[in-house]
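Novice: below are the sequence and a predicted model; questions follow.
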Amino acid sequence: MTQQASKELMDMIYQALASELQGSIQYMWHHIATPKEEGPEARKLFRKVAMAEMEHAEEIAEAFRKLGGELPTQPDPAVVVGKTTKEMIELDVKAEEGALELYPRIVETAGKEGLSRIQEIFEDILSDEKEHHRSFMKALEKLS
Ligand SMILES: [Fe+2]
Ligand SMILES: [Fe+2]
């Protein structure tokens, strides 16, 4: 039996997927664009988190397809590449804040609608996003 999700929940999951695309591309471009003289630390962090966001996209997309959702092809918000390492990290903190705002609402709505798999997926991913936010904040402190 295919489980039904409300349009509100489907729209939120679609937005989550588009933001995972944004994160995975934006962070990977930050990995590529970080000036070498900044040292390997920020570059490594950007790459590691970019890969994590792509894995989130995969996991969410599989569940979303099972609910009959159509996959987004455009990152949303738009991908922005910072000019300095500090600006890059600030942009990435902002991207994580988007997830920290949206994902608890998805967890709550999925719970109300009895979609326990979606609820679990977003609970797990939310804890990753909290970790990403902490890592980027730490990296920012080191620069200032
Ligand atoms: Fe993510
Ligand atoms: Fe993240």
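Specialist: The structure has been received and is ready for your questions. Ligands and ions are numbered 1, 2, ... in the order given.

Novice: host element of the nearest residue to residue 117 once chain neighbours are set aside?
Specialist: For residue 117, ignoring the flanking residues on the chain, the nearest one in space by CB to CB, 6 or more residues apart in numbering is residue 63 at 6.1 Å. Placement of C-beta: from N, CA and C, glycine included. For residue 63, the host element (DSSP states H and E) is helix 40-66.

Novice: return the residues in contact with the spatially closest residue to residue 5 that is not a sequence neighbour.
Specialist: Leaving aside its sequence neighbours, residue 5 sits nearest to residue 67 (CB to CB, 6+ apart; 5.1 Å). Going by CB atoms under 8 Å, 6 or more residues apart in numbering, residue 67 touches 2-5, 10, 13, 115, 118.

Novice: drop anything exposed from these.
Specialist: With burial judged by 16 or more other CB atoms under 10 Å, the buried subset of those is 5, 10, 13, 115, 118.

Novice: name the element the residue positioned nearest the centre of the chain belongs to?
Specialist: Note on the chain: the residue nearest the mean C-alpha position is residue 20, at 3.9 Å, using CA atoms, centre = their mean. For residue 20, the host element (DSSP H and E) is helix 7-33.

Novice: what pLDDT, on average, does that helix get?
Specialist: Averaging pLDDT along helix 7-33 yields 98.

Novice: how about that helix: buried residues?
Specialist: 9-10, 12-31.

Novice: of those residues, list those near ligand 1.
Specialist: When CB under 5 Å from the ion is applied, the members of those adjacent to ligand 1 are residue 20.

Novice: residues from this structure in reach of ligand 1?
Specialist: Counting by CB under 5 Å from the ion, the residues of the chain near ligand 1 are 20, 53, 56.

Novice: ok, the last one - contacts?
Specialist: Right, the one you point to is residue 56. Residues in contact with residue 56, defined by CB under 8 Å, 6+ apart, are 20, 23, 125, 128.

Novice: ok, these vs residue 97, which is closest?
Specialist: For the contacts of residue 56, the minimum distance to residue 97 (CB to CB) is 11.5 Å, reached by residue 23.

Novice: how near is the residue nearest to residue 99 when sequence neighbours are not counted to ligand 2?
Specialist: Of all residues not flanking residue 99 in the chain, residue 129 sits nearest, at 4.3 Å (CB to CB, 6+ apart). To ligand 2, residue 129 is 4 Å away according to CB to the ion, to the nearest Å.
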